[in-house]
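1. Coordinates only, no sequence provided:
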């Protein structure tokens with residue numbers, strides 16, 4: 001029983017978290033306006049020397065307390081787009097959360113028409 005109680009938090013952490021990579025990769029091939037319609041406007045836009053545009057969304061959820069002490073939840077999500085404004089790449093930095101009901105969870109076009 002004691003070992004079950006020690007294992008329970010680890011199981012809940014795995015079940016309760018969706019991988020950020022999977023959530024963001026669902027946006028590859030989507031149009032930028034679809035992402036902005038769901039997640040809101042970006043915090044900033046940048047470009048590299050080749051002229052590729054990158055849209056940045058910054059999120060700061062503030063401090064939360066964990067078993068290991070306080071943690072500041074900060075995340076930056078970055079999406080690269082081509083000249084047609086189609087998402088071609090993604091990256092993230094920080095301790096992003098991938099919650100199933102967040103604006104970062106892409107709603108498929110087929111589901112949008114039925115909701």
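-> All right, it came through fine. Not measured: the values here are computed from a predicted model.
2. ok, and what's touching whatever helix or strand residue 37 lives in?
-> If you go by DSSP states H and E, residue 37 is part of helix 32-39. For helix 32-39, the external contacting residues (C-beta atoms under 8 Å, 6 or more residues apart in numbering) are 27, 42, 55, 57, 79, 81, 85-87, 103-104, 106-107. Placement of C-beta: from N, CA and C, glycine included.
3. Tell me the buried residues in it?
-> Buried positions in helix 32-39, judged by neighbour count with 16 or more other C-beta atoms under 10 Å: 32, 34, 35, 38, 39.
4. now, among those residues, which is nearest to residue 46?
-> Relative to residue 46, the closest of the buried residues of helix 32-39 is residue 32; by C-beta to C-beta it sits at 14.1 Å.
5. Please enumerate the strands of the protein.
-> 44-47, 53-66, 69-81, 87-94 (DSSP state E).
6. Would you tell me which of those strands gets closest to residue 22?
-> Judged by C-beta to C-beta, the one of those that comes nearest to residue 22 is strand 87-94, at 11.0 Å.
7. So which bits of that closest one are buried?
-> Quick answer for strand 87-94 (16+ other C-beta under 10 Å): 87, 90, 92.
8. Export those residues to CSV and append columns for pLDDT.
-> Formatted as CSV, these follow (pLDDT from 0 to 100):
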residue, pLDDT
87, 97
90, 96
92, 94
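9. Looking at those, spot the one nearest residue 74.
-> For the buried residues of strand 87-94, the residue nearest residue 74 by C-beta to C-beta is residue 92; the value is 10.9 Å.
10. Give me the nearest residue to residue 24, chain neighbours excluded.
-> residue 90 (4.4 Å; C-beta to C-beta, 6 or more residues apart in numbering).
11. Quick check: that neighbour touching residue 26?
-> No - look at residue 90 against residue 26 with C-beta atoms under 8 Å: they stay out of range, at 9.5 Å.
12. so which of the strands of the chain comes closest to residue 19?
-> Checking the strands of the chain against residue 19 by C-beta to C-beta gives strand 87-94 as the closest, at 11.0 Å.
13. I appreciate the help and will end here.
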